[in-house]
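Just the structure for this:
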Amino acid sequence: MTVMEDLLQGKLVRLSGIDPEELGKSFSRWNRDSEFKRLLDFDPARLHSTKATREWMEKHMEAEKDTFWFSIRTLEDDHLLGDIDLSVINWGSRDSFVGLGIGERDFWGKGYGTDAMKLVLRYAFLELNLRRVTLNVFEYNGRAIRSYEKAGFRLEGRQRQVIQREGRRWDIIYMGILSEEWMENYGNRNSDR
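Numbers count the residues shown, from 1 in each chain. Okay, the predicted model is just below:
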């Protein structure tokens, strides 16, 4: 008999359901960190109260039925690190878009984001039977680009000079992974989740 592994638990993190109250409080705090905002969004920074953030989350979670929302928590002590969402763009072609944010600076660059991305890919390809997962990342976010490459994403293109930061223009990079690429690298190895 084969025992099915926990689909949403990796080596460092687990994915769990979103608690809008808890994540709203954390996002309100994280959004005051200019570096977090610089890496996550190209819009000007806007500060929102915990209540406004929670209400925004609840509204979008209710309205976006084809988006699967997860919080990212450490295995060690269940600490909330950030969130990840998988939006199915087209069920017919089985295409999706993923977004990831680690708000806790102390956990940046330590593999937590890569582990979370590997988990959401496993969910996308094994549970939802998706064909493609796409993301975008800012050219200046080398740490994220390396993390996505470790998870199996490949460069697919770029939108040139979209973002104005630090007195210069930066590209948005598009990366993607296909189900067969994921299966080839991760699908048959329980040890490398």
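
Residue 176 versus residue 119, what's the distance?
Distance from residue 119 to residue 176, counting by Cβ to Cβ, to the nearest Å: 18 Å. Where you see a C-beta, it was placed from the backbone N, CA and C, and this is true even at glycine.

go on, residue 131?
Going from residue 131 to residue 176 by Cβ to Cβ gives 10 Å.

quick one: which of these two has more around it?
Per other Cβ atoms under 10 Å, whichever of residue 131 and residue 176 has more neighbours is residue 176, with 21 against 15.

Next up, phi/psi of the more buried one, please.
For residue 176, the backbone dihedrals (degrees, to the nearest 10) come out as phi -150, psi 160.

One more: residue 94?
With angles defined as degrees, to the nearest 10, residue 94 sits at phi 60, psi 40.

Test my guess that it contacts residue 134.
No - Residue 94 lies out of contact with residue 134 (Cβ atoms under 8 Å); the separation is 11.8 Å.

how about the strands in this protein?
Ranges of strands in the chain, per DSSP state E, are 13-16, 67-74, 80-90, 95-102, 132-138, 154-165, 168-178.

any chance of those in TSV, plus distance to residue 57 and mean pLDDT?
Below are the strands of the chain laid out as TSV (distance: least, Cβ to Cβ, whole Å; pLDDT from 0 to 100):
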stretch	distance to residue 57	mean pLDDT
strand 13-16	15	96
strand 67-74	8	94
strand 80-90	9	95
strand 95-102	13	96
strand 132-138	20	97
strand 154-165	25	95
strand 168-178	24	97
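
can you list these in TSV and add distance to residue 49?
Listed next are those as TSV, based on distance: least, Cβ to Cβ, whole Å:
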stretch	distance to residue 49
strand 13-16	24
strand 67-74	20
strand 80-90	18
strand 95-102	19
strand 132-138	27
strand 154-165	26
strand 168-178	29
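
got a list of what the residue nearest the centre of the chain touches?
For the chain, the residue lying nearest the average C-alpha position, counting by Cα atoms, centre = their mean, turns out to be residue 100 (2.1 Å). Neighbouring residues of residue 100 by Cβ atoms under 8 Å, 6 or more residues apart in numbering: 72, 82-84, 113, 116-117, 120, 135, 144.
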